[in-house]
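Novice: coords please:
(one chain, ligands or ions: 2)
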Amino acid sequence: MHRPDPHSYYDSAQPKARRLQLKLGVDFATKRIDGEVVLEFGANATGLLDLDTKGLEILSVQASGHGPIPWELGEADAILGSRLRLDLPADTQEVAITYRTSPDTMALQWLEPSQTEGKVAPYLFSQCQQIHARTMVPCQDTPVVRVAYKAEVTVPEGLTAVMSAGPAGDEATGDGRHTFRFTMPQPIPSYLLALAVGRLACRDLSPRARVWAEPETVEAAAWEFAGVEDMILKAESLFGPYPWDRYDMLVLPPSFPYGGMENPRMTFLTPTLLAGDRSLVDVVAHELAHSWTGNLVTNASMEHFWLNEGFTVWAERKILRTLHGDDAAALGWAMGQKALEDSLERFANEPHLTVLRLHLTGIDPDDAFSSIPYEKGARLVAALEREVGEDRFHRFLREYMDAHRFTSITTEQFCSFVDAKLPGALVAVNARAYLNEPGLPASAPQFRSTMLDTLTALAAGWAAGERPSASQIAGWSTNELLVYLQKLPRQVTQADCAWLDTHFQLMGRGNHEILVEWLTLAAAADYEPAFPKLREVLLRVGRMKYLRPLYGALEATPRTRALAREIYAAASPGYHGLSRRVVQGMLDKFPA
Ligand code: BES
Ligand code: ZN
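Specialist: Ligands and ions are numbered 1, 2, ... in the order given. Model (predicted):
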C-alpha cells in the first residue's frame, strides 16, 4: 500500500480512474445533487479500490459486466471524510456509483434568490479546491490522479449550468427541467471539477474568451474584463500556446469565498472585482496564468501548493509588467509583501506552516492556507530568474512546461529538474531556505520604484504628522493609494480616520481592496461613522480575504466586538461554509 497524498485515501498501487462520466440532477428544493459517476479505468482493473467521499450517501455500486458489487464506507475522519472501499471483480472496465450529496456539503453553496443580483432565481456553485471534490463526487480526490470527464447536468428550466469543461449541447427534458452536457477531454486533477447553476447571460470578449454573469451584471463584467485577450497573448508568450481551447469566466454572487478560482475553461471570479475602473484585473491575470502553472503542471498534493501559487503570482506580475509597466509591477510586489508579512505574523507560533515544502499529515489544508506559498514562492521564482537571467529563465520555463504537461509533480521533482537544466542555481539562491526554513530569507529579491519609496516614506511619517498634499493625492492611482493605506500604522486615531475619509473619499469606493483596507483601519480605531458601511460590506461579501482583516480589526474594543458578533449573526447564514468556518474560529478567540 502506498498513499502519496496525506489528504486522500488514494493508493497508488490500485487502479487509477482515467475518465469520469457524471450525471448530476440539481434539486434546489432539497439542496441536494442526485449523482451518478462512472469511473473508467481505460484498462482491465481488478481488486481493491479506495475512493474519497465526505458526507455522501452512497446508494449503489455496479461493476461493468458484473452488476451490483459490495462496498464499504469507512469511519468519517474530520479532515479526509470516509473511505469508500470497493473490491473490483476481475477485468472490470468501469464502475458506476449512484449517490446523493448532503445539503450542507462543503463544495457546494446553495443560494436563495435574495442572495443573487436578480433576486428571482436560486443559484448553486461549487468550490472543490482544496479537498472538497469528495463532497460532490466519490473519486480519487488527489491531484496525483488526473481524469478527463463528461457530464450531464439537469437543472430547472430557465437556469443555465456551466462547468470547468467545454459545452456539448443541451435540451429540455420535457418535465420542466433542462439538461446541459459538457466534455473535458484533457486530464485534470479533481480539485478543478467545477459547476455553477443560475440565471446566466454571457458576452463574447474575443473569439476564444467570454464572460458569464447574471444578466444584471454581465455588461459591467464585459467592460471590466475587456482586456483579457491581451493577457492571454502575453501569457502565451511566456508559457507557450494556450492549452485549453477556450478561456471563459464566470462572475459569481458576492458570497463566493475567493477572489478567483482557476477552473479550466471557466475561471470563477468574485463580483468584488467589478470596480468600474479595471483596477482589479490582476486577479484575472492570476487565474489565467494558472492555465499553465497549476492546471497544466500541477502540485502533486497540497504539500507542494507553492508550485501552483508561487509560479502563478510570479507570472501574474510578469503579465502586468508588460501591460502596465515596471511601476505597476513594483506595486504588485509591494502589496504582496504586505500580505506575506501578515501571514508570517498569523503563523508566528506555527513556523512549520511558513515553509514552502509543507508537511501536512493531520492538518486540514484549508487551515494551512495563507499568502506564504504565493508570495514566498513567487520570490523564490524571481530569485531563480535573477540568478540565471531573464532569457535563460524564459527558455527554462518553456522546457519545464513541455516536460511536465498534464502531470502533477512534487517540490523534489521540481528541484531535480532545475538541477538538471540550471545547474547550481538552487544553491546560488539558497532555495533550501525558502523550501525548508521558516520566514523569508534575507537575500530574497526586493522590488522597488521611486513611487514606492515616496509612498513608504510618506506613510512612515504619519505618526509625526506628515500628510500627503492635495496635489500628491490627485496624482495617485488606485493601487498607489492602496499601498499608501497599507503602509499606514495599523492603529490610527478617530481624528485620523476623519482626515483620511475627507481627503480620499474612502467610504464611497467601488474598489473593494481600498474600501476594505479603509474599513479595517476604521474598525481598529472604533470609528463609528464607518459602522454602517462595515455592516453593509460584511453582510454582502463572503470573500475570505476581506472577512479575515475586517473581523480581525473588530476585535479592538468591547464595542467593536459586540458589533462583530451582531453582524456575524445576521451575515453567517449567507456565508459559504468555508467563510463561516474561518470567521467563527476568529470570533471564538475574541476576549469576552
Ligand atoms: N486557486 C486559488 C484559490 C484557492 C486557493 C481556492 C486555495 C481554494 C484553496 C486562486 O488561484 C487564487 O489564488 N485566488 C486569489 C487571487 C489572487 C492571488 C490574485 C484570491 O482568491 O484572492
Ligand atoms: Zn492562485
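Novice: how about residue 585, phi and psi?
Specialist: phi -60, psi -40 (degrees, to the nearest 10).
Novice: per-residue confidence for it?
Specialist: Per-residue confidence (pLDDT) for residue 585: 97.
Novice: Let me know the distance separating it from ligand 1.
Specialist: 16 Å (CB to the nearest ligand atom, to the nearest Å). No exception for glycine: its C-beta is placed from N, CA and C like everyone else's.
Novice: how much space between that residue and residue 548?
Specialist: 10 Å (CB to CB, to the nearest Å).
Novice: Mind checking which of the two has more residues around it?
Specialist: residue 548 (18 against 11; other CB atoms under 10 Å).
Novice: Remind me which helix or strand the more buried one belongs to.
Specialist: helix 544-553 (DSSP states H and E).
Novice: do that helix and ligand 1 meet at all?
Specialist: Yes - counting by CB under 6 Å from any ligand atom, ligand 1 has neighbours in helix 544-553: residue 545.
Novice: end to end, how far does stretch 431-444 reach?
Specialist: One end of stretch 431-444 to the other measures 10 Å (CA to CA, to the nearest Å).
Novice: buried residues in that stretch?
Specialist: For stretch 431-444, a neighbour-count test (16 or more other CB atoms under 10 Å) marks 431, 433-435, 438-441, 444 as buried.
Novice: Let me know the closest of those to residue 88.
Specialist: residue 435 (38.9 Å; CB to CB).
Novice: show me the contacts for the closest one.
Specialist: For residue 435, the contacting residues are 355-357, 380, 411, 415, by CB atoms under 8 Å, 6 or more residues apart in numbering.
Novice: Next: residue 374.
Specialist: Residues in contact with residue 374 (CB under 8 Å, 6+ apart) are 306, 309-310, 312-313, 336, 339-340.
Novice: can you do 6 Å?
Specialist: Residues in contact with residue 374, defined by CB atoms under 6 Å, 6 or more residues apart in numbering, are 309, 313.
Novice: Now name the helix or strand holding residue 586.
Specialist: Residue-wise, residue 586 maps onto helix 577-588 under DSSP H and E.
Novice: what does that helix rub up against?
Specialist: By CB under 6 Å, 6+ apart, the list of residues contacting helix 577-588 reads 106, 257, 542, 544, 547, 551, 572.
Novice: what's the angle between that helix and helix 544-553?
Specialist: Interaxial angle of helix 577-588 relative to helix 544-553 (axes from the mean of the first three to the mean of the last three CA atoms, to 10 degrees): 10 degrees.
Novice: gap between helix 577-588 and the chain center?
Specialist: The chain centre lies 17 Å from the centre of helix 577-588; the measure is CA atoms, centre = their mean, to the nearest Å.
Novice: Let's see the strand ranked longest in the chain as CSV, backbone CA atoms only.
Specialist: As far as residue count goes, and with DSSP state E defining each element, the longest strand of the chain is strand 32-53. C-alpha atoms of strand 32-53 as CSV (Å, rounded to 0.1, in the frame of the first residue of the first chain):
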residue,chain,number,x,y,z
ARG,A,32,-29.1,18.1,-3.0
ILE,A,33,-27.5,16.7,-6.1
ASP,A,34,-28.6,13.2,-7.2
GLY,A,35,-25.5,11.9,-8.8
GLU,A,36,-24.1,9.0,-10.8
VAL,A,37,-20.4,8.7,-11.5
VAL,A,38,-18.9,6.2,-13.8
LEU,A,39,-15.2,5.7,-13.3
GLU,A,40,-13.5,4.4,-16.4
PHE,A,41,-10.1,2.8,-15.9
GLY,A,42,-9.0,2.6,-19.6
ALA,A,43,-7.8,-0.9,-18.9
ASN,A,44,-8.9,-4.0,-17.1
ALA,A,45,-8.9,-3.3,-13.4
THR,A,46,-9.1,-5.8,-10.5
GLY,A,47,-9.0,-5.8,-6.8
LEU,A,48,-9.3,-3.1,-4.1
LEU,A,49,-10.2,0.5,-5.0
ASP,A,50,-10.2,3.1,-2.3
LEU,A,51,-12.1,6.3,-3.1
ASP,A,52,-12.6,9.6,-1.2
THR,A,53,-16.1,10.6,0.0
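Novice: on that earlier part again, next helix or strand past the helix holding residue 548?
Specialist: Downstream of helix 544-553, the first helix or strand assigned by DSSP H and E is helix 558-571.
Novice: Just the buried positions in that following helix, please.
Specialist: 560-561, 563-564, 567-568, 571.
Novice: picking that back up, ok, so of the contacts of helix 577-588, who is nearest residue 318?
Specialist: residue 544 (26.0 Å).
Novice: Can you give me the neighbour number for the closest one?
Specialist: 20.
Novice: That one reaches residue 257, doesn't it?
Specialist: Yes - look at residue 544 against residue 257 with CB atoms under 6 Å: they come within range, at 5.1 Å.
Novice: Mind telling me which residue of the stretch 451-592 of the chain is nearest ligand 1?
Specialist: Proximity of the stretch 451-592 of the chain to ligand 1 (CB to the nearest ligand atom) peaks at residue 545, 5.0 Å away.
Novice: related to what we said a few turns ago, from the contacts of residue 435, pick the one nearest ligand 2.
Specialist: For the contacts of residue 435, the closest approach to ligand 2 (CB to the ion) belongs to residue 356, at 14.7 Å.
Novice: Skipping its backbone neighbours, what lies nearest the closest one in space?
Specialist: The shortest distance from residue 356 to any non-neighbouring residue, by CB to CB, 6 or more residues apart in numbering, is to residue 306 (4.2 Å).
Novice: per-residue confidence averaged over whichever helix or strand residue 435 is part of?
Specialist: Residue 435 belongs to helix 431-436 when elements are defined using DSSP H and E. Mean pLDDT, helix 431-436: 98.
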